[in-house]
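> quick one, structure for this:
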Amino acid sequence: MTGEKKLEYASSNYMERRSSSFPDYNIRLFRLSYVVGGNPSAEEIIPFAQSDLEDDSVFLLDCYFELYVWVGSDARSNYKNVKLALETAVVIEYYFFIELDL
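Numbering: from 1, shown residues only. Sure thing, here's the model as predicted:
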């Protein structure tokens, strides 16, 4: 169609940075929850497998450049733990971009 502008898409070279700057980074899995007394807890699971993803828990998978929040099917109603996982992901992302000056 004539007269239409081509849209430009956002892009980043972070995948190039990842492979060259952090080749030995280990992916990490954390179970996030509020323990008795109301304090937040992040328990790292070492080593981890897919079978560690329990239906009643909320997890954060740290792949360095990507963060994934996994909410078990029985944990969906536990809004406090889901909120904790999402807020943790936002804080990690914020400090990551400050550190790399992106």
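> off-centre distance for whatever helix or strand Phe30 lives in?
Following DSSP states H and E, the helix or strand that holds Phe30 is strand 28-34. In terms of Cα atoms, centre = their mean, to the nearest Å, the centre of strand 28-34 is set 11 Å apart from its chain centre.
> partner strands of it, parallel or antiparallel?
Each strand that strand 28-34 pairs with, and the sense of that pairing, follows from DSSP bridges: strand 40-45 (antiparallel), strand 58-62 (antiparallel).
> pLDDT on the first one, on average?
The reference is to strand 40-45. Confidence for strand 40-45, expressed as mean pLDDT, is 91.
> please save the CA atoms from it in PDB.
Coordinates of each C-alpha in strand 40-45 appear next as PDB, following Å, rounded to 0.1, in the frame of the first residue of the first chain:
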ATOM      1  CA  PRO A  40       9.100 -13.100  52.700                       C
ATOM      2  CA  SER A  41      11.200 -16.100  51.800                       C
ATOM      3  CA  ALA A  42      13.100 -17.200  48.700                       C
ATOM      4  CA  GLU A  43      14.400 -20.700  48.800                       C
ATOM      5  CA  GLU A  44      16.800 -21.700  46.100                       C
ATOM      6  CA  ILE A  45      16.400 -25.200  44.800                       C
END
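> bridge partners for the spatially closest residue to Asp52 that is not a sequence neighbour, pull those for me.
Using Cβ to Cβ, 6 or more residues apart in numbering and skipping residues adjacent in sequence, the residue nearest Asp52 is Ile45, 5.3 Å away. Backbone N, C-alpha and C define where each C-beta goes, glycine included. The bridge-partner assignment for Ile45, based on DSSP bridges, gives Leu29.
> for the host helix or strand of Phe96, C-alpha coordinates in CSV please.
With the criterion set as DSSP H and E, the secondary-structure element containing Phe96 is helix 79-100. Listed in CSV are the C-alpha atoms of helix 79-100, where the atom choice follows Å, rounded to 0.1, in the frame of the first residue of the first chain:
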residue,chain,number,x,y,z
TYR,A,79,-2.3,-13.8,45.9
LYS,A,80,0.3,-12.8,48.5
ASN,A,81,2.9,-15.3,47.1
VAL,A,82,2.0,-14.4,43.5
LYS,A,83,2.5,-10.7,44.3
LEU,A,84,5.8,-11.5,46.0
ALA,A,85,7.1,-13.3,42.9
LEU,A,86,6.0,-10.6,40.5
GLU,A,87,7.5,-7.8,42.7
THR,A,88,10.7,-9.8,43.1
ALA,A,89,11.0,-10.1,39.3
VAL,A,90,10.5,-6.4,38.8
VAL,A,91,13.2,-5.5,41.4
ILE,A,92,15.7,-8.0,39.9
GLU,A,93,15.0,-6.6,36.4
TYR,A,94,15.5,-3.0,37.7
TYR,A,95,18.8,-3.7,39.3
PHE,A,96,20.0,-5.8,36.4
PHE,A,97,19.5,-3.0,33.9
ILE,A,98,21.2,-0.5,36.2
GLU,A,99,24.2,-2.8,36.5
LEU,A,100,24.5,-3.3,32.8
